[in-house]
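K.L.:
Here is my input; please provide its structure:
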Amino acid sequence: MAKFEMDDIDRELLNLIQSSFPLDPEPFRVVGERCGVGQEEALERVQRLKGKVIRQISAIFDTRSLGYRSSLVAARVNPTRLEEAARVFNEHPGVSHNYRRNHEFNLWFTIAVPPDSRIGLERTVQLLGELAGVDSIRMLPTLRLYKIGVQLDVTGKQNVTRKATEAAYSDRDREIPKGQPLTEADKGLIRELQKDIPLVVRPFDPAAQALGIETEALLAGAQALLDRKLMRRFSAVLHHREAGFRANAMGVWAVPEDRADEVGAKMASYAAVSHCYLRPTYEDWPYNIFTMVHGRTVKECEAVLGAIAEETGIREMRALYSTKEYKKTRVKYFTPEMEAWEEKYLPRVGLGA
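P.N.:
Numbering: from 1, shown residues only. The predicted structure follows:
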């Protein structure tokens, strides 16, 4: 199979739309203007990149602001049962990411449950562990968000250990979001905006038609969701490997509690760090700050982790690399699949008929 080739305009376009996709009736006109090409060429380039480098273009919502509860979960699974355990986890509609990693805790997934969940987050995680037959399972919810925002340098022109030039989404200097009251109109907007847009000149028209409103009203509603901090951004998500980023390291660090905020802010300042969180520790898990690092090679990831260690002085750490991807998608909010999953397992937790 021939290698998929990209030119400089493709790379500039990808850098642009993974940061922010224009909320405009004709967004490819805006994208084209910013990349120095016409609307038709911008659309054709995105169509060519879709499915190869671009995974999806849609809204990214703030789980906590929508009232959902979520957690990273680490499971220790007998290696002979890994595939079956991964399948069990993947069946839950709220599991968005699921990876095998090079650690005794070898299966890692993220999960979110809605505000009206009858089983609840903790019992759901416990139930999944029982169904999967794990040896051990640990919830690692976010205690503090220092950074979230994937911004890969697709051009390859920038130093891998550089600091970010733009402020990322974080809990610093703002109130931690809590669930906001949502109207049925809000939920309708969320259901439509979380869908992958069609690659046509006016991609927002179908969503507006589905809601029975004008496209301008849909886009105004999307902007209102951004202003209310319910939506983080509207953007493209890339297939990291196809974009050239074939290595990703979850750097986990044992940071003294009284230095957590200071160190977390420093770690989050690196452009190659897409996610940075403070999480709880356990007797068998001493690491409290998590940094996701993406690189073209393991060597690039190690360079970033080395720079972080040098700046912060934190040496007790592990670099966990994903060795298999079982699931990677976005959480779908306010959909019937969650209710159906819970209905199936309510009797198992003593809540059903």
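K.L.:
Just the buried residues of the strand of greatest length in the chain, please?
P.N.:
Across the chain, the longest stretch assigned as strand under DSSP state E is strand 317-328. Going by neighbour count (16 or more other Cβ atoms under 10 Å), the buried part of strand 317-328 is Met317, Arg318, Ala319, Leu320, Ser322, Tyr326, Lys327. C-beta here means a position set from N, CA and C on the backbone, and glycine is covered the same way.
K.L.:
With respect to Asp186, which of the residues you listed is nearest?
P.N.:
Lys327 (27.3 Å; Cβ to Cβ).
K.L.:
Check whether the nearest residue to that closest one once chain neighbours are set aside sits in a helix, strand or coil.
P.N.:
Once flanking residues are discounted, Lys327 sits nearest to Asn98: 4.0 Å by Cβ to Cβ, 6 or more residues apart in numbering. Assigned by DSSP: H, G, I helix; E, B strand; the rest coil, the conformation of Asn98 is strand.
K.L.:
how many neighbours does Asn98 have?
P.N.:
Using other Cβ atoms under 10 Å, the number of residues around Asn98 comes to 25.
K.L.:
With Asn78 instead?
P.N.:
The burial count assigned to Asn78 is 12, neighbours taken as other Cβ under 10 Å.
K.L.:
Might one say that it is in contact with Ala132?
P.N.:
No. Under the criterion of Cβ atoms under 8 Å, Asn78 makes no contact with Ala132, lying 10.3 Å away.
K.L.:
Mark out where each domain of this protein begins and ends.
P.N.:
Domain ranges of the chain: 1-49, 69-166+241-328, per automatic domain parsing.
K.L.:
Can you show me the strands along this protein?
P.N.:
Under DSSP E, the chain gives strands at 54-61, 69-76, 95-101, 107-113, 136-140, 144-148, 231-238, 247-253, 273-278, 289-295, 317-328.
K.L.:
To what extent is the closest residue to Asn288 other than its chain neighbours buried, counted in neighbours?
P.N.:
The shortest distance from Asn288 to any non-neighbouring residue, by Cβ to Cβ, 6+ apart, is to Thr281 (5.1 Å). Close neighbours of Thr281, defined as other Cβ under 10 Å, add up to 13.
K.L.:
so how far is Ala260 from Thr281?
P.N.:
Distance, Thr281 to Ala260, using Cβ to Cβ, to the nearest Å: 11 Å.
K.L.:
mind exporting the longest helix anywhere in the chain as CSV, just the C-alpha atoms?
P.N.:
In the chain, with assignment by DSSP state H, the single longest helix is helix 298-312. Output of helix 298-312 as CSV, limited to C-alpha atoms (Å, rounded to 0.1, in the frame of the first residue of the first chain):
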residue,chain,number,x,y,z
VAL,A,298,9.6,6.9,21.6
LYS,A,299,12.8,9.0,21.7
GLU,A,300,10.7,12.2,21.3
CYS,A,301,8.4,11.2,24.1
GLU,A,302,11.5,10.4,26.3
ALA,A,303,13.0,13.8,25.5
VAL,A,304,9.9,15.6,26.7
LEU,A,305,9.7,13.5,29.8
GLY,A,306,13.4,14.1,30.5
ALA,A,307,12.9,17.8,30.1
ILE,A,308,10.0,17.8,32.5
ALA,A,309,12.1,15.8,35.1
GLU,A,310,15.0,18.2,34.7
GLU,A,311,12.9,21.3,35.2
THR,A,312,10.8,20.0,38.1
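K.L.:
between the domains of the chain, which gets nearest to Arg191?
P.N.:
The nearest among those, by Cβ to Cβ, is domain 69-166+241-328 at 12.7 Å.
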